[in-house]
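# Pasted the sequence and its predicted model underneath.
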Amino acid sequence: MSDHSKSSPLKMYFSVWAALLLGTFITYKAAYIELGRFNAAVALIIATVKALLVALFFMHIKGAHEKLLKLVVISTVFFLFILLFLSMADYGTRSWS
């Protein structure tokens, strides 16, 4: 049988849910901290961690084959860098008069 036929414990789902709520709260609080140019970067990093939690536990990638997990992590980091680069390029070229 595959790993997906096993039911995941309810405690794990509530732990991930609590971590997602904590991540949302941290994002909310980080919005009020003056980080200058890095406000968007911090928000994107927190969002990426939350998306990774959702993918690993709710989309059952954690129990998947190791090569699939590596692909997900590498692509997540790759697209995070693309988003950060494009966001910072946009932010850096704005005129703030």
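Cool, got the structure.
# Could I get the buried residue list for stretch 55-70?
Ala55, Leu56, Phe57, Ile61, Ala64 (16 or more other C-beta atoms under 10 Å). Glycine gets a C-beta too; all of them are placed from N, C-alpha and C.
# And stretch 74-94, by the same measure?
Leu80, Leu83, Leu84, Ser87.
# If we ignore the residues flanking it in sequence, what's nearest the second one?
Right, the one you point to is Leu83. Leu44 (5.6 Å; C-beta to C-beta, 6 or more residues apart in numbering).
# could you give the mean pLDDT of stretch 82-93?
Average pLDDT, stretch 82-93: 90.
# host element of the residue nearest to Leu83?
Using DSSP states H and E, Leu44 maps to helix 39-53.
# Which secondary structure elements does the next helix or strand after that helix sit against?
From helix 39-53 onward toward the C-terminus, using DSSP H and E, the following helix or strand is helix 66-92. Packing partners of helix 66-92 (3 or more C-beta pairs under 8 Å, 6 or more residues apart in numbering; DSSP states H and E): helix 39-53.
# Give me the buried stretch members for the helix it packs on, please.
Asn39, Ala41, Ala43, Leu44, Ile45, Ile46, Thr48, Val49, Lys50, Leu52, Leu53.
# Dump stretch 55-71 to PDB, keeping only the CA atoms.
C-alpha atoms of stretch 55-71 as PDB (Å, rounded to 0.1, in the frame of the first residue of the first chain):
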ATOM      1  CA  ALA A  55       2.600  21.600   0.500                       C
ATOM      2  CA  LEU A  56       4.500  19.300   2.800                       C
ATOM      3  CA  PHE A  57       1.600  18.400   5.100                       C
ATOM      4  CA  PHE A  58      -1.700  19.100   3.500                       C
ATOM      5  CA  MET A  59      -0.600  18.100   0.000                       C
ATOM      6  CA  HIS A  60       1.200  15.000   1.400                       C
ATOM      7  CA  ILE A  61       4.600  15.800  -0.200                       C
ATOM      8  CA  LYS A  62       6.300  14.900   3.100                       C
ATOM      9  CA  GLY A  63       5.400  11.200   2.600                       C
ATOM     10  CA  ALA A  64       6.300  11.300  -1.100                       C
ATOM     11  CA  HIS A  65       9.400  10.100  -2.800                       C
ATOM     12  CA  GLU A  66      12.600  11.900  -1.900                       C
ATOM     13  CA  LYS A  67      13.200  13.100  -5.400                       C
ATOM     14  CA  LEU A  68       9.800  14.800  -5.500                       C
ATOM     15  CA  LEU A  69      10.600  16.500  -2.200                       C
ATOM     16  CA  LYS A  70      13.900  17.800  -3.500                       C
ATOM     17  CA  LEU A  71      12.200  19.100  -6.600                       C
END
